[in-house]
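S.K.: with the sequence up front, the predicted model follows.
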Amino acid sequence: MDVVTLISRPGMLEPALVENLRNAWGGGEALWLSPDEAAEFTVSARPANFGMVRAELDALGVDLNLQPVEGRRKAMLLADMDSTMIRQECIDELAAEAGIGSRVAEITARAMNGELDFEGALIERVGLLRGLEVQVIDKVLSERITFMPGGKALVATMKADGGHAVLVSGGFTAFASAVARALGFDEYRANVLLEEAGRLTGDVGRPILGREAKMQALEETTTRLGLSERDVLAVGDGANDLGMLGRAGSGVALHAKPAVAAQCALRINHGDLTALLFLQGYSRDAFAA
């Protein structure tokens, strides 16, 4: 048995759309997880025209997903940071303060789309930051970094249900530590920007945390907690997230690059991070405060 979930921005999901699709696919009774925002119904098999309907609804601002009913509520959250739990790419914001924002942002975009080797692209971008005062990091944190809506509710609700939350980033510990603390993550992993005499050296600590390290975080944490990879909900947006997204029980591409979304069965293009709770069958009134 599979469950079909429809999610939109608040107030944008029309009941008629849900009922028409349920009738067309011979689904079970529609359950509203949040009025005019999220609904679900079960189907006995994957509809033959699922892909076509998904594309049509995506154009209307509705995320359509399908997954097995059994085991969809997860015991661990493994989340990327940049452009996932926060709206920005931290290295791009540092570069903007250094006056080389557009140059670095272009490299970031290509790396996240899988056009460049992640580690090589990171080394190149960090090298361009050589000599930047370390105190600029605090300025960027306070003035440029904003959280993706729904992040606190996602972490708090999964933890209230006994879950464990891990932030794993190809970005930097100076940012990940603050983001993890603010959103309530249990632990975090990220790269270390090297500094000397109050300035960035233009290099990053080794080994570099990239695609392989994110999968390693998945392996090590599940083993330590006595969980299986099926118990994990992973979320990310970039090519370096594909490894963990593919191995987790549920891998969600959130506002992802096209090349990334195409490789993920679960995709959220329009909803915020609370969509990951709807995918697990939580209703809005069950979200933790």
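M.R.: Received the coordinates, thanks. Residues are numbered from 1 along each chain as shown.

S.K.: any weak-confidence spans in the protein?
M.R.: Within the chain, no stretch has pLDDT under 70.

S.K.: helices along that one, start to end?
M.R.: 15-24, 50-59, 90-98, 101-112, 118-127, 136-143, 151-160, 173-183, 211-225, 242-247, 258-261, 275-279 (DSSP state H).

S.K.: what's near enough to touch the residue lying closest to residue 174 once chain neighbours are set aside?
M.R.: Of all residues not flanking residue 174 in the chain, residue 137 sits nearest, at 4.9 Å (Cβ to Cβ, 6 or more residues apart in numbering). Yep, even glycine has a C-beta here, placed from its N, CA and C like the rest. By Cβ atoms under 8 Å, 6 or more residues apart in numbering, residue 137 lies in contact with 94, 174, 175, 193.

S.K.: let's see if you can find the most crowded of those residues.
M.R.: residue 94 (28 neighbours; other Cβ atoms under 10 Å).

S.K.: nearest residue to residue 62 other than its sequence neighbours?
M.R.: residue 8 (4.7 Å).

S.K.: surely that neighbour is in contact with residue 64?
M.R.: No. Applying Cβ atoms under 8 Å as the test, residue 8 and residue 64 come out as separate, 10.0 Å apart.

S.K.: how far off centre is stretch 84-104?
M.R.: Computed by Cα atoms, centre = their mean, to the nearest Å, the chain-centroid distance of stretch 84-104 equals 18 Å.

S.K.: put the alpha carbons of that stretch into PDB.
M.R.: Extracted in PDB, the C-alpha atoms of stretch 84-104 (Å, rounded to 0.1, in the frame of the first residue of the first chain):
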ATOM      1  CA  THR A  84      18.400  23.600   3.100                       C
ATOM      2  CA  MET A  85      18.200  24.500   6.800                       C
ATOM      3  CA  ILE A  86      19.200  28.000   6.000                       C
ATOM      4  CA  ARG A  87      18.300  30.000   2.800                       C
ATOM      5  CA  GLN A  88      21.900  30.900   1.900                       C
ATOM      6  CA  GLU A  89      25.200  29.400   0.900                       C
ATOM      7  CA  CYS A  90      27.600  30.500   3.600                       C
ATOM      8  CA  ILE A  91      30.700  30.700   1.400                       C
ATOM      9  CA  ASP A  92      28.800  32.900  -1.000                       C
ATOM     10  CA  GLU A  93      27.900  35.300   1.800                       C
ATOM     11  CA  LEU A  94      31.500  35.400   3.000                       C
ATOM     12  CA  ALA A  95      32.600  36.100  -0.600                       C
ATOM     13  CA  ALA A  96      30.100  38.900  -0.900                       C
ATOM     14  CA  GLU A  97      31.700  40.600   2.200                       C
ATOM     15  CA  ALA A  98      35.100  40.200   0.500                       C
ATOM     16  CA  GLY A  99      33.900  41.800  -2.700                       C
ATOM     17  CA  ILE A 100      34.100  38.600  -4.800                       C
ATOM     18  CA  GLY A 101      30.500  37.400  -4.400                       C
ATOM     19  CA  SER A 102      29.500  36.800  -8.000                       C
ATOM     20  CA  ARG A 103      32.800  35.000  -8.800                       C
ATOM     21  CA  VAL A 104      32.300  32.500  -5.900                       C
END
